[in-house]
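Participant: Here is the input, now give the coordinates:
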Amino acid sequence: MIEFLDAAPSAELEQLRARLNRAFVARYGIDVGPDVTSEVMTWAFEHQAELAGIDNVAGYLFRVGQSKSRRLLRWKGERAAFPPEPRPAGTGPSFEPGLPDALSALSEEQRTAIVLVHCFQWTYHEVAELLDVPLHTVRNLIHRGMKELRNELGVAR
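Facilitator: Predicted structure coming up:
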C-alpha cells in the first residue's frame, strides 16, 4: 500500500510516478503523457481509500490514465508526438530519423509495449501487468509492432 499522505513523498510513490510517466509517454507521446501522469497522480491522491485494496495499483492507475487522456488528446491532437529529430552529436544516443513517425503510426498498444521494453528495459511481465493482459499478448504486440517498424523503416531482417 502506498501512503500518499506522508509529509514527504516516499521512494515507492516516486517510483510509481516515474513508471507511470514512462508508460504514458510511450502510449501518448511527449505532449500528452506527462499531463496524463499529473492527472492520474492527483486522482490517486484524492481516491486513496479506493486504492487500498488493489493488488496492481500501477495497472489500475494506468486504466485511470486511459480515461483521463481522452480530454487531453482532444486538446492536443490524436497522434502521439515524439521528439522530431535526433539529438545533436555528443548529447546522448541518436536514433533513426524516421523512428518518431514510424512509432506514431503503430497502434497505442504496440507502441506502448515496444517503447517500455526496448527503450525503458521493462520486462514482458512488467508490461503485461501494467496493461493487464496475458504475457502472450505482450509478445504478440512486440513481435507485430517490430515487424511493422522494420517495414516502415525499410530495415531487412
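Participant: domain parsing for this protein?
Facilitator: 11-81, 97-157 (automatic domain parsing).
Participant: now these in CSV, with mean pLDDT and mean neighbour count?
Facilitator: Glycine gets a C-beta too; all of them are placed from N, C-alpha and C. As requested, the domains of the chain are exported to CSV (pLDDT from 0 to 100; neighbours: other C-beta atoms under 10 Å):
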stretch, mean pLDDT, mean neighbour count
domain 11-81, 85, 17
domain 97-157, 92, 17
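Participant: which helix of the protein spans the most residues?
Facilitator: Secondary structure assigned by DSSP state H gives helix 11-46 as the longest helix of the chain.
Participant: Centre of the chain to whichever helix or strand comes after that one, how far?
Facilitator: The helix or strand immediately downstream of helix 11-46 is helix 48-51, counting by DSSP states H and E. Relative to its chain's centre, helix 48-51 lies at 23 Å (C-alpha atoms, centre = their mean, to the nearest Å).
Participant: name the helices or strands packed onto helix 48-51?
Facilitator: Contact partners of helix 48-51 among helices and strands, from 3 or more C-beta pairs under 8 Å, 6 or more residues apart in numbering; DSSP states H and E: helix 57-76.
Participant: what's the following helix or strand after the helix it packs on?
Facilitator: Next in sequence after helix 57-76, counting helices and strands by DSSP H and E, comes helix 99-105.
Participant: Could you list every helix and strand that that next one packs against?
Facilitator: Counting by 3+ C-beta pairs under 8 Å, 6+ apart, helix 99-105 packs on helix 108-114, helix 135-153.
Participant: between the longest helix of the chain and helix 57-76, how big is the angle?
Facilitator: 60 degrees (axes from the mean of the first three to the mean of the last three C-alpha atoms, to 10 degrees).
Participant: one step back: could the helices and strands packed on helix 99-105 go into CSV alongside distance to G65?
Facilitator: Formatted as CSV, the helices and strands packed on helix 99-105 follow (distance: least, C-beta to C-beta, whole Å):
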stretch, distance to G65
helix 108-114, 11
helix 135-153, 18
